[in-house]
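> fold the following and give me the result.
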Amino acid sequence: EVEEGTEAIGNDYYNTCRKIQTVKLPNSLKEIGDGAFGNCNKLTSINIPNNVTYIGEYAFERCDSLKSIKLPNGLKEINEGTFFLAFNLENVTLPTSIETIGEYAFAGCGSLKTIKLPSKLTEIAPNTFEQSGLTNITIPESVTTIEDYVFWECTSLTNINIPDGVTCIGDYAFSGCTSL
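Have a look, this model is predicted:
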């Protein structure tokens, strides 16, 4: 349990703490640093308070036991590699406030079958969902570009809805999507 009054968890603070299973974060928390819970492969549960407005790069990288997470309402960005190789992550609830999703944010999340992208989303960075388990996805009207390698090797992807406003699809965006 993180003490009430704590406003930030530093970079790599719990990184490779392989025995942590659950974490209770205080309502006072505003930031989770880069790699803060990276490689915590037994972490099954974490409740992120709504006051959190920043989650760092690779914050939950390789959290193999994490199956579900709800991100806080004030969050505007999912940074690079936030859930990189969190293979058993099945359910992610994104708040409507999300505007950008960084590179590799959900790459290698093989158990992630679907995700509802918020309508304010304007950017999906390269490699965001590469080698994930997505089966179908709808790109919001607010997105105009699908970057390079976004869905690379998503072999289970059978359906994607692309709005008319998308004017650019990057190199290899759908390469290896053998079920499309």
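
> quick one, strands of the chain?
Here the chain has its strands, by DSSP state E, at 8-9, 22-24, 31-32, 45-47, 54-55, 68-70, 77-78, 91-93, 100-101, 123-124, 136-138, 145-146, 159-161, 168-169.

> not counting its own residues, what contacts the third one?
Spelled out, that is strand 31-32. Strand 31-32 is contacted from outside by Glu7, Ala8, Ile9, Ile48, Val52, Thr53, Tyr54, Ile55, Gly56, Ala59, using C-beta atoms under 8 Å, 6 or more residues apart in numbering. (Glycine included, C-beta is placed from N, CA and C.)

> list buried residues within those.
Among these, those buried by neighbour count (16 or more other C-beta atoms under 10 Å) are Ala8, Ile9, Ile48, Val52, Thr53, Ile55, Gly56, Ala59.

> check the contacts of strand 31-32 against Cys40 and report the nearest one.
Ala59 (10.2 Å; C-beta to C-beta).

> the worst-scoring helix or strand of the chain on mean pLDDT pairs with which strands, and in what direction?
Least confident helix or strand of the chain, by mean pLDDT, DSSP states H and E, is strand 123-124 with a mean of 88. Strand 123-124 pairs in its sheet with strand 100-101 (parallel), by DSSP bridges.

> does Glu103 really touch Asn127, like I thought?
Yes - using C-beta atoms under 8 Å, Glu103 is in contact with Asn127, at 5.2 Å.

> comparing the two, which shows the higher neighbour count?
A count of neighbours by other C-beta atoms under 10 Å puts Asn127 above the other of Glu103 and Asn127, at 24 against 20.

> and that one, what does it touch?
Contacts of Asn127 (C-beta under 8 Å, 6+ apart): Glu103, Tyr104, Ala107, Asp148, Tyr149, Val150, Trp152.
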